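Enquirer: everything below, folded, please.
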Amino acid sequence: MKTLLLTIFLTFTIFVSAQVKDEKARDLLDQAIDLMDSGETLKSIVLLEKAKEIEPENYIFDYEIGFAYYLSEDYKSALKAYKKTIKYPNVSDQVYQMLGNLYDINGNAKKALKTHEEGLNIFPDAGNLYLESGNVYLNQGQYNTALGYYEKGIEVDPMYPSNYYRAAKLYLGSDQKVWGMVYGETFMNIERGSKRTAEMSKLLFKTYQDNISYKEDTVNVNFHSRVINITTADLKNGNIDKLIESLTNSLKEDFPGTGYELTLSITASDSKEINLESLNSIRTNFITNYFADTLHEKFPIELFNFHKKMIDEGLGNVYNYWLLGMGNEEALEEWITENRGEWLSFLDWFRTNSLVLTEENKFSSSQF
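Expert: Numbers count the residues shown, from 1 in each chain. This next block holds a predicted model:
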């Protein structure tokens, strides 16, 4: 919780100074934030109170005072400050987010949920508020309810990463891992370079390892509620169309079944073990087949369009190593050493090209 609130605060302070009109008040605010960064929270509160006298109509100062108390672990005083903050006009959704979190920390989950709901009445597209309600239910062990909030957050605010992160982890621990894989990869594309990104890379790699297995000439794939087994013989002598027809008839023809798991089963059948090298081939062939079989028209997922774009640009292999490399850091480092030019070219391209999700191309499990 403490790390989460710190992230919220740091995000908010990026544009805080711009909300302060008076130059002296802004200078006091900047000094106060510097003091908080150095651990001198009580001194920062003194400066914030002075700044508040200059611009008494500005909620920013009570917001920062509340966070200073929070850093001091004086959660009751922090809650008191945020109760003041919510009374100002023109506050942001982050005020409701912080106030709700403080209620939760102070043991009042019911009031936290009510606060988030009040915020959503004003900011209906605030993915962060859906996230926080989901977190309250998650902490209570109500996983399905929490997942519902995370996925609603994904629908209304498709570029907010944390809902994908939370939903992915829940799905990856269930018998519906397919959506964990899609949400986890989406999260990594939106929030790049964080500790959570590295964590998700390891988790995706491990999920591939744990749910694709080989025994003699059979591949077993289990990312959905049903395990698919395909033998080498199934793929020989022109039997592939017959196999697809048979499996499609026995599976529910939806994205998790036919769109993802069946396609993945076929592409995984050419390998004998799961490592970075084989996953690179499996994932590339998956995207190739997904588009060749026009599944992208039936089950449109922008993440796969972005992956295909990288394949078309000759960067698909590097992307797969970037995505899953934390699952085997030694193998990743070895690959980078041998392909440094390709790696650097990808990173250069990746800085200016990203997955962009809008109202028109967003996706969630509820669509399929």
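Enquirer: what ranges do the helices span in the stretch 151-300 of the chain?
Expert: Applying DSSP state H, counting those that start in this stretch to the stretch 151-300 of the chain gives helices spanning 161-172, 177-190, 195-211, 240-250, 263-268, 276-292, 295-298.
Enquirer: can you lay out the ones you listed as TSV showing mean pLDDT and distance to residue 328?
Expert: All C-beta spots, glycine's among them, are computed from the backbone N, C-alpha and C. Shown next, in TSV, are those (pLDDT from 0 to 100; distance: least, CB to CB, whole Å):
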stretch	mean pLDDT	distance to residue 328
helix 161-172	97	18
helix 177-190	97	16
helix 195-211	97	7
helix 240-250	51	31
helix 263-268	89	18
helix 276-292	96	6
helix 295-298	91	29
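Enquirer: please name the residues that touch residue 283.
Expert: Contacts for residue 283 (CB atoms under 8 Å, 6 or more residues apart in numbering) come out as 267, 307, 320.
Enquirer: could you list the low-pLDDT ranges of the stretch 1-150 of the chain?
Expert: In the predicted model of the stretch 1-150 of the chain, residues 1-18 satisfy pLDDT under 70.
Enquirer: now the helices: where do they sit in it?
Expert: Listed in chain order, the helices of the stretch 1-150 of the chain (DSSP H, counting those that start in this stretch) span 2-13, 23-37, 41-54, 60-71, 75-85, 93-105, 109-122, 127-139, 143-156.
Enquirer: if we can go back for a sec, just among the contacts of residue 283, which is most surrounded?
Expert: Comparing the contacts of residue 283 by number of neighbours (other CB atoms under 10 Å), residue 307 comes first, having 25 neighbours.
Enquirer: so for that one, what's the pLDDT?
Expert: Residue 307 carries a pLDDT value of 98.
Enquirer: export the helix or strand containing it as CSV, just CAs?
Expert: Assessed by DSSP states H and E, residue 307 sits inside helix 302-312. These are the backbone C-alpha positions of helix 302-312, laid out as CSV (Å, rounded to 0.1, in the frame of the first residue of the first chain):
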residue,chain,number,x,y,z
GLU,A,302,-4.8,-4.3,-30.9
LEU,A,303,-1.9,-5.9,-29.0
PHE,A,304,-1.6,-8.5,-31.7
ASN,A,305,-1.7,-5.8,-34.4
PHE,A,306,1.2,-4.1,-32.7
HIS,A,307,3.1,-7.3,-32.5
LYS,A,308,2.5,-7.9,-36.2
LYS,A,309,3.7,-4.4,-37.0
MET,A,310,7.0,-5.3,-35.2
ILE,A,311,7.3,-8.5,-37.2
ASP,A,312,6.7,-6.6,-40.4
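Enquirer: okay, the helices of the stretch 1-150 of the chain, which one's buried deepest?
Expert: helix 60-71 (a mean of 25; mean count of other CB atoms under 10 Å).
Enquirer: gap between it and the chain center?
Expert: 27 Å (CA atoms, centre = their mean, to the nearest Å).
Enquirer: show me the contact partners of it.
Expert: Applying CB under 8 Å, 6+ apart, the contact partners of helix 60-71 are 5, 9, 12, 16, 19-20, 25, 29, 32-33, 36, 39, 41-42, 44-45, 48-49, 51-52, 55, 75, 77-82, 84-85, 88, 95, 98, 102.
Enquirer: and the angle for it with helix 41-54?
Expert: Taking axes from the mean of the first three to the mean of the last three CA atoms, to 10 degrees, helix 60-71 and helix 41-54 form an angle of 170 degrees between their directions.
Enquirer: picking up where we left off before, nearest to residue 168 among the contacts of residue 283?
Expert: Nearest to residue 168 among these is residue 307, at 16.6 Å by CB to CB.
Enquirer: that closest one touches residue 318, doesn't it?
Expert: No: applying CB atoms under 8 Å, one finds residue 307 not in contact with residue 318, separated by 11.9 Å.
Enquirer: for the helix holding residue 307, buried residues please.
Expert: By neighbour count on 16 or more other CB atoms under 10 Å, the buried set for helix 302-312 is 302, 303, 304, 306, 307, 308, 310, 311.
Enquirer: those residues: which two are farthest apart?
Expert: Across the buried residues of helix 302-312 (CB to CB), the longest gap, 14.9 Å, separates 302 and 311.
Enquirer: leaving out sequence neighbours, find the closest residue to residue 173.
Expert: Take residue 173 and drop its neighbours on the chain: the residue closest to it by CB to CB, 6 or more residues apart in numbering is residue 180, 7.7 Å away.
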